[in-house]
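Asker: predicted coordinates and the sequence they were generated for:
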Amino acid sequence: MSFLLPKLTCKREVDQAIKSVAEKVLVLRFGRDNDAVCLQLDDILAKTAHDLSKMAVIYLVDVNNVPVYTQYFDISYIPSTVFFFNGQHMKVDYGSPDHTKFVGSFKTKQDFIDLIEVIYRGAMRGKLIVRSPIDPKNIPKYDLLYQGI
């Protein structure tokens, strides 16, 4: 399903997307097109893209093409999903130590839709961090890896 969503292939395109998407949540899925979990997430993103078109814009980013952002967001697990609103990085409290990104795939389409709605409403009120509406048992668990420390 990754062929249904637009791809950003270089740092310049990612920068342009962050700067130019206005009044909508920018969803950047960092991963690889041939990874099974990425394909599962891409399927959910593709199926919800039309429903969320008034609130969100979704792009796929290959971690090998933009190592600058892969390192900046400390993407050591894929897929990782990062959210922006009007050029501002939106953080989400998932009940995990890392609020900067969602790691793994969403269990259901509704989980993703609910998350985008909460981020959108919070961002419209000027919040930079919002609490995740996703049931904690539907959030993948992982350990933080600190590389190069």
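Answerer: Right, received. Where do you want to start?
Asker: buried residues in the longest helix that the chain contains, which are they?
Answerer: Ranked by residue count, the top helix of the chain under DSSP state H comes out as helix 109-124. Across helix 109-124, burial judged by 16 or more other CB atoms under 10 Å covers 111-116, 118-120, 122-123. C-beta coordinates here come from the backbone N, C-alpha and C atoms, glycine included.
Asker: who touches it?
Answerer: The set of residues external to helix 109-124 that reach it, using CB atoms under 8 Å, 6 or more residues apart in numbering, is 24-25, 27, 44-45, 47-48, 51-52, 55-56, 83, 85-86, 88, 90, 92, 102, 106, 129-135, 138.
Asker: equivalent analysis for stretch 82-99, please.
Answerer: In contact with stretch 82-99 (CB under 8 Å, 6+ apart) are residues 18-19, 21-28, 30, 73, 100-102, 115, 118-120, 122-123, 128-132, 134, 136, 139, 141-142, 144.
Asker: now swap in stretch 4-16 and tell me
Answerer: The contact list for stretch 4-16 (CB under 8 Å, 6+ apart) reads 17, 28-29, 42, 45-46, 49, 58-62, 65-66, 68-69.
Asker: can you select the buried ones from those in PyMOL?
Answerer: Taking 16+ other CB under 10 Å as the burial criterion, the selection of buried members of the contacts of stretch 4-16 in PyMOL is written as:
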select buried, resi 17+28+29+42+45+46+49+58+59+60+61+62+65+66+69
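Asker: in helices only, show me the contacts of stretch 4-16.
Answerer: If you go by DSSP H, the contacts of stretch 4-16 have 17, 42, 45-46, 49, 68-69 in helices.
Asker: quick one on the thing from earlier: can I get the buried residues of helix 109-124 in CSV with distance to Glu13 and pLDDT?
Answerer: Below are those laid out as CSV (distance: CB to CB, whole Å; pLDDT from 0 to 100):
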residue, distance to Glu13, pLDDT
Asp111, 28, 92
Phe112, 23, 93
Ile113, 26, 95
Asp114, 29, 94
Leu115, 24, 94
Ile116, 22, 95
Val118, 27, 95
Ile119, 22, 95
Tyr120, 23, 96
Gly122, 27, 95
Ala123, 22, 94
